[in-house]
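1. for reference, the sequence and a predicted model appear below.
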Amino acid sequence: MTFKVLIENTDEVFGCSEGQHILSAMAKMGKKGIPSGCHGGGCGVCKVKINQGAFSSKKMSRAHVSADEEKAGYALACRIFPETDITLHVIGKLQKRF
Amino acid sequence: MGVLRISHVNIRVLDMEASLHHYINVVGMKKVHEDKQGNVYLKCWDEWDKYSLILTEADKAGINHIGYKVESDEDLDRFKKRISDYGIHVDDIERGALDSVGRALRFNIPSGHEMYLYAEKDYVGTDVGTVNPEPWPDGLVGAGVHWLDHALLMSEFDLENGVNKVEENTKFMVDVLDFYLVEQILVGPEGNQQLATWLSVSNTPHDIAFVGGPINGLHHIAFFMDSWDDVLKAADVMGKNKVKIDVTPQRHGVTRGYTIYFFDPSGNRCETFGGLGYLAQRDRPVTTWTEDQIGSGIFYHTGELNEAFTTVYT
Ligand code: FES
Ligand SMILES: [Fe+2]
């Protein structure tokens, strides 16, 4: 089963198969809409807000997504496994300091 | 006399089972102990002290503390005085408070990272022993790294607001703990601000490093390997295990090391650091990299800093 993921900020669409996290699906397609970092839920750069769709998730660092935020649909794209088509908004960014 | 080497790091992980798979089957360490709180202790085959990594399950990734071994108990007395004379609070911790470790000093370096010094940790021996040893043991798993080599700590850096914890940490490590500066990256309008420093207390190009970033954290922990071939094989192991690689095998300009940056399952960055680089000496002149050549300093072949290098860390 493959689900469609839409990134609102960039209008990018890509497929994500069952059991694959959104960030890995995006990176494998060579797309860049969501900042890609550690792929382990630790660094926070891939933070998104899920506006539509159902998903399951793995543990994400509380330094980047609080319990309240998680309830409101905020998540780390590398910890999210779609169960339906997904529409999301990118929150995280790679901030270059030098 | 003084500090001998990095002895262990205690890092936080989100998922213990996935982390054990990573550090045992990919990195090639062995589990040696688990304490009552569920912390897991691991060591590399070529290390003789009981452990070099403590994994603590938590709700965020990153580093809890870093430990350095000193030569003798008198060193602890001496460092205790020097640290407190420097204006930093230091706790004198009883034997056993850190698992399998003797009396220890606990304090925070200027950036706030917690550090321990101690003279004793339980001896268990390397996997090849000390009498007529083989060059390497049978049954090595994954990358089969030799030992924990160094750590790089991200330290707050905000020149506009006059904050440079890289410089403060460096001064503390040199003035108080007798480390010496080996390499540095200088930036800023005058080209005199330490954005990054590599310090040694032995003869390896770095026993600790600091890089400036928006907030404190852990940039990476690194494990030693002999050669470029070992580094290539380690990358194959990572490919097989679907490990997220940050930078594929590459040479660092700084320290000349052969490197792979990769992430553990909680997003903590690890490195396999191959080769000695060069023999660091206290009287070796300090190497400086300028702001316009940072890319080559970090990734010598491409000469380009990848965006994730200073942004992605735990
Ligand atoms: S990429 Fe680091 S938390 Fe997702
Ligand atoms: Fe390193």
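-> Yep, that arrived. Ligands and ions are numbered 1, 2, ... in the order given.

2. surely B:Lys233 touches B:Ala143?
-> Yes - applying CB atoms under 8 Å as the test, B:Lys233 and B:Ala143 come out as touching, 7.1 Å apart. For glycine as for every other residue, the C-beta is placed from the backbone atoms N, C-alpha and C.

3. ok, A:Thr87 - contacts?
-> Contacts of A:Thr87 were listed using CB atoms under 8 Å, 6 or more residues apart in numbering or on different chains, and they are A:Val5, A:Leu6, A:Glu8, A:Ile50, A:Asn51, A:Gln52, A:Gly53.

4. the helix or strand containing the fourth one and ligand 1 in contact?
-> Read it as A:Ile50. Taking DSSP states H and E as the criterion, A:Ile50 maps to strand A:47-52. No - Strand A:47-52 stays clear of ligand 1 (CB under 6 Å from any ligand atom), getting no nearer than 7.4 Å.

5. related to what we said a few turns ago, can I get the contacts of A:Thr87 in JSON lines including pLDDT?
-> JSON lines is the format used below for these (pLDDT from 0 to 100):
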{"residue": "A:Val5", "pLDDT": "97"}
{"residue": "A:Leu6", "pLDDT": "97"}
{"residue": "A:Glu8", "pLDDT": "95"}
{"residue": "A:Ile50", "pLDDT": "97"}
{"residue": "A:Asn51", "pLDDT": "97"}
{"residue": "A:Gln52", "pLDDT": "96"}
{"residue": "A:Gly53", "pLDDT": "97"}
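
6. how about the strand holding A:Ile50, which residues are buried there?
-> For strand A:47-52, burial by neighbour count (16 or more other CB atoms under 10 Å in any protein chain shown) applies to A:Lys47, A:Val48, A:Ile50.

7. ok, of the contacts of A:Thr87, which one's closest to B:Asp138?
-> Checking the contacts of A:Thr87 against B:Asp138 by CB to CB gives A:Val5 as the nearest, at 46.6 Å.

8. the nearest residue to the closest one once chain neighbours are set aside: what's it in contact with?
-> Nearest non-adjacent residue to A:Val5, counting by CB to CB, 6 or more residues apart in numbering or on different chains: A:Ile86, 4.7 Å away. Applying CB under 8 Å, 6+ apart to A:Ile86 gives the contacts A:Phe3, A:Lys4, A:Val5, A:Leu6, A:Cys16, A:Ile22, A:Ile50, A:Gln52, A:Gly53, A:Phe55, A:Ile80.

9. more neighbours: B:Lys233 and B:Ala143, which one.
-> B:Ala143 (26 against 17; other CB atoms under 10 Å in any protein chain shown).

10. ramachandran coordinates for that one?
-> With angles defined as degrees, to the nearest 10, B:Ala143 sits at phi -70, psi -20.

11. correct me, but it touches B:Met29?
-> No - the pair B:Ala143 / B:Met29 is not scored as a contact, 9.5 Å apart, by CB under 8 Å.

12. ok, now which ones touch the residue of chain B found nearest ligand 2?
-> Nearest residue of chain B to ligand 2: B:Ala222, at 4.2 Å (CB to the ion). For B:Ala222, the contacting residues are B:Leu148, B:Asp149, B:His150, B:Ala151, B:Leu152, B:Cys270, B:Glu271, B:Thr272, B:Phe273, by CB under 8 Å, 6+ apart.
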